[in-house]
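Q: no FASTA, just this:
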Ligand SMILES: Cc1cc2nc3c(=O)[nH]c(=O)nc-3n(C[C@H](O)[C@H](O)[C@H](O)COP(=O)(O)O)c2cc1C
């Protein structure tokens, strides 16, 4: 563990420990993956101002996201099939986040259910909702999230149609994996993963199976999305979902200023500037490049969060400087989970915390909440 110093180190280990189908599912973007790459690369173009001879004692990374106190403004993003990176993955990641003091967001397309995660956590987590054609089932999900005392609903707006990720098609992605010869060999050379899976009953989409009426082939994410996701989702739906939920609402998947202004009018609590980690519209702008314009356009009408491409604490700080009040990490925590289970998720958070803390000091700041455009060299 002591030789793991970066998120890239966790990624290398996850690549060795997680069956190819699921590692590739995390490490992929749509089509040419240009937006997936840009999400990471564009952070490198942003430079900090180095400052000296300022008091750098008593630093703090504490902040708030939608009014909730966070140890640092970095939440775990909702990710589907997390329980395939590691047995009981969502439960472990939620526990790691809770102990660290950052929000965990459970995906609709998770392996462990809302109830599973609630059973192993003490503090409220967040629930991410996909809007399906079957509105009774949407209501069922909202009500279950309420019953589990989730403290925010994250409504994803950018995946009513699934972007194509070539690796998933080539690997024949399903959960649980089909017992083809390639898959059997691929799993057999990863005994640690197999042992974990053999020891849990959670191997399919437990938010859905047994809850939604007449669901077809859930195992295949792509066919299920095509059948079930509602391509007519509109701003009117946001209004009824907001009303039915009645709690804190975050709109995820905004990448355009006009949409951000519409989102601000809904009365939601925050937006997430996001392109779904480069997994949907290939050729769209990186999130970090879209952030500033959106943050400037909405001002303080709605809280602005962002995700996509964050691989270090420095990336988090750059996003905060450009107007985000909070950020999310997807792959960094998935790699940690695949590499080392719960400890790996904690490790990912610790790496990011340390990088944030040292960078903050070298930029001449003590409070993360003081980071602004002034700290960037432009
Ligand atoms: C493997 C994987 C699965 C994802 N599943 C979901 C999901 O179920 N719901 C959702 O809103 N976003 C999903 N996302 C997008 C993430 O919430 C987030 O926007 C993205 O991962 C951020 O980029 P990053 O991975 O570079 O940090 C997924 C991302 C990945 C990598």
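A: Looks like it arrived, so ask away. Owing to the predicted nature of the structure, the values given are computational and were not obtained by experimental measurement.

Q: only C-alpha atoms for contact and neighbour calcs from this point on.
A: Fine.

Q: Torsion angles phi and psi at the residue most central in space within the chain?
A: To find the centre residue of the chain, average its C-alpha atoms and take the closest one (CA atoms, centre = their mean): that gives residue 77, at 1.8 Å. Reported as degrees, to the nearest 10, the phi and psi values for residue 77 are phi -70, psi 150.

Q: where does residue 82 fall, phi/psi-wise?
A: Summarising the backbone geometry of residue 82 under the convention degrees, to the nearest 10, its torsions are phi -60, psi -30.

Q: okay, the nearest residue to it once chain neighbours are set aside: pLDDT?
A: For residue 82, ignoring the flanking residues on the chain, the nearest one in space by CA to CA, 6 or more residues apart in numbering is residue 89 at 5.4 Å. Reading off the per-residue confidence, residue 89 sits at a pLDDT of 98.

Q: if we can go back for a sec, ok, the residue nearest to the centre of the chain touching residue 104?
A: Yes - applying CA atoms under 8 Å as the test, residue 77 and residue 104 come out as touching, 7.0 Å apart.

Q: hang on, isn't residue 47 packed against residue 374?
A: No - in terms of CA under 8 Å, residue 47 does not count as a neighbour of residue 374; the distance is 11.2 Å.

Q: wait, what's in contact with the residue lying closest to residue 367 once chain neighbours are set aside?
A: With CA to CA, 6+ apart as the measure, residue 60 is the residue that lies nearest to residue 367, at 5.1 Å, once sequence neighbours are left out. Taking CA atoms under 8 Å, 6 or more residues apart in numbering as the contact definition, residue 60 lies against 357, 366-368.

Q: Just the buried residues of stretch 2-20, please?
A: Buried residues in stretch 2-20, counted by 16 or more other CA atoms under 10 Å: 6-11, 13-15, 17-20.

Q: Give me the distance between the two termini of that stretch.
A: For stretch 2-20, the first and last residues are 25 Å from each other (CA to CA, to the nearest Å).

Q: One more: stretch 50-66?
A: End-to-end distance for stretch 50-66, by CA to CA: 30 Å.

Q: same question, stretch 106-117
A: The stretch stretch 106-117 measures 8 Å between its terminal residues, going by CA to CA.

Q: how about low-confidence regions in this protein?
A: By pLDDT under 70, the weakly predicted segments of the chain are 216-217.

Q: For it, what lies in contact range of the ligand?
A: Within the chain, the residues that sit near the ligand (CA under 6 Å from any ligand atom) are 25-26, 77-80, 107, 109, 156, 274, 276-277, 307-310, 329-331.

Q: Mind checking which of those residues are in strands?
A: If you go by DSSP state E, these have 156, 307, 329 in strands.

Q: Identify the residues contacting the second one.
A: Spelled out, it's residue 307. When contacts are counted by CA under 8 Å, 6+ apart, residue 307 touches 77, 272-274, 276-277, 287, 327-330.

Q: need the helices for the stretch 201-350 of the chain, in chain order.
A: If DSSP state H, counting those that start in this stretch is used as the criterion, the helices of the stretch 201-350 of the chain fall at 221-228, 235-245, 257-265, 287-298, 313-321, 331-362.

Q: and the nearest residue to residue 133 once chain neighbours are set aside, what does it touch?
A: With CA to CA, 6+ apart as the measure, residue 230 is the residue that lies nearest to residue 133, at 4.6 Å, once sequence neighbours are left out. Contacts for residue 230 were tallied using CA under 8 Å, 6+ apart; they are 131-133, 160.

Q: residue with max distance from the center of this protein?
A: Extreme point of the chain relative to centroid (CA atoms, centre = their mean) is residue 53; 37.4 Å.

Q: Confirm that residue sits in a strand?
A: No - read with DSSP: H, G, I helix; E, B strand; the rest coil, residue 53 is coil and lies in no strand.
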